[in-house]
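Participant: 3D, please:
(one chain, ligands or ions: 1)
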Amino acid sequence: MKENKVYLTRMIPEKAVRYLEEYCSVEVNPDDRPLRREELIEKVKGMHAVLTMLNDGVDATLLDAAGPQCRIFANYAVGYNNIDIPAATKRGVFISNTPDVLRDATADLAWALMLAAARRITEGDSLMRSGAFTGWAPLFMLGVEVTGKILGIIGAGRIGQAVAQRGTGFGMKILYTANSSKQDFENKTGARRVGIDELLSQSDFISIHTPLTPATHHLIGQREFGMMKKTAILVNTARGPVVDEKALAEALRTGSIRGAGIDVYEREPEVEKGLLGLSNIVLCPHLGSATLDTRENMGLMAAENILAALRGEIPPQCLNPEAAE
Ligand code: DGY
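Facilitator: All right, here's what the predicted structure looks like:
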């Protein structure tokens, strides 16, 4: 197995790198930046496995550059909208992702954003640092109550369900959208599956957990903001292009919704300029899975997928088992 060459497009926590090194010859991008397209194409040549990031575009050109000996591209993310899966399948290359291990970290961050937006935490922090706090006052910096409100979950997969579960601790009523009903989830949380329009118009807090696909691109835009309550708070920890950022900036600027907590962006790492001057949005730099425990576990999971593919097995988190045929 040691003859197998594995390329990591970014440094990941050491534990996972050491684990891979026990079995393979590992090369890691030494620079703390994403590789440019031409560098990536050069680096994957002759590799048996490649561990990619969510901002590495994996398409036919890259797969062909890797060569026919390559068995797997293991994505260091649960989302895989950066990968052309049919192109990989056609070439007999497995694609894997890292589900489950980042569920709680991402759900926690969605909650951090929700609470921060509802209780104006970042506004308060800036005010304190500027020395503008003159003392407690009855009408000073009023936010909105979270407890007992309606939480709308767009996309009740693993992360969406974990966010909803936390909501029950706040006595919230849960509405959700999903392709099919989730009986277990409904039994545990009392959640009710509704159409998206009902969710948008009824919810006090709306949290997005749907993958980015052609069908979910700009799922939330001007029409949808128009349907939300004026007091609604929108949270997005899924993928930026699910929300039309210009429409979001307009909705926040005009008070069509009350606030937002955003971790992902349409043209990451760029941010829509119109959002930057607004005080009713909390902005985070794509930190959903950013805890050391989670990033280590993502690395170990990606490594297990790579090792399985190199042994000639279908990887445990394989997204295209038909690539084996
Ligand atoms: C994912 O895994 O898709 C996350 O966005 C990474 O934090």
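Participant: Okay, helices next: where are they in the stretch 1-150 of the chain?
Facilitator: Along the stretch 1-150 of the chain, counting by DSSP state H, counting those that start in this stretch, helices occupy 14-23, 37-43, 60-66, 85-90, 103-118, 121-130.
Participant: residues of the shortest one that come out buried?
Facilitator: If I follow you right, that is helix 85-90. I85, A87, A88, T89 (16 or more other CB atoms under 10 Å). Using the backbone N, CA and C atoms, a C-beta is placed for each residue, glycine as well.
Participant: Dump these into CSV; add distance to P285 as well.
Facilitator: Shown next, in CSV, are the buried residues of helix 85-90 (distance: CB to CB, whole Å):
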residue, distance to P285
I85, 28
A87, 30
A88, 29
T89, 33
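Participant: related to what we said a few turns ago, so of the helices of the stretch 1-150 of the chain, which one's packed in deepest?
Facilitator: For those, the largest average neighbour count (mean count of other CB atoms under 10 Å) is found in helix 103-118, namely a mean of 22.
Participant: Determine the set of other helices and strands touching that helix.
Facilitator: Applying 3 or more CB pairs under 8 Å, 6 or more residues apart in numbering; DSSP states H and E, one finds that helix 103-118 makes contact with helix 158-169, strand 205-208, strand 233-236, strand 259-262, strand 281-283, helix 292-310.
Participant: I'd guessed S203 sits against G152; true?
Facilitator: Yes. Counting by CB atoms under 8 Å, S203 touches G152, with 3.1 Å between them.
Participant: list residues touching both of those two?
Facilitator: Taking CB atoms under 8 Å, 6 or more residues apart in numbering as the contact rule, S203 and G152 both touch L175.
Participant: and which of the buried residues of helix 85-90 is nearest to E27?
Facilitator: If you rank the buried residues of helix 85-90 by distance to E27 using CB to CB, A88 comes first, at 20.9 Å.
Participant: Nearest spatial neighbour of the closest one, chain-adjacent residues omitted?
Facilitator: Nearest residue to A88, sequence neighbours excluded (CB to CB, 6 or more residues apart in numbering): I95, at 5.0 Å.
Participant: In which helix or strand does A156 reside?
Facilitator: Assigned by DSSP states H and E, A156 falls within no helix or strand.
Participant: What about it, how many residues nearby?
Facilitator: Counted by other CB atoms under 10 Å, the residues lying close to A156 total 27.
Participant: got the contact list for it?
Facilitator: Contacts for A156 were tallied using CB under 8 Å, 6+ apart; they are A164, Y176, T177, A178, K182, F185, A191, R193, H209.
Participant: Tell me which residues touch the closest residue to W111 other than its chain neighbours, please.
Facilitator: Leaving aside its sequence neighbours, W111 sits nearest to R166 (CB to CB, 6+ apart; 5.5 Å). Applying CB under 8 Å, 6+ apart to R166 gives the contacts A107, D108, W111.
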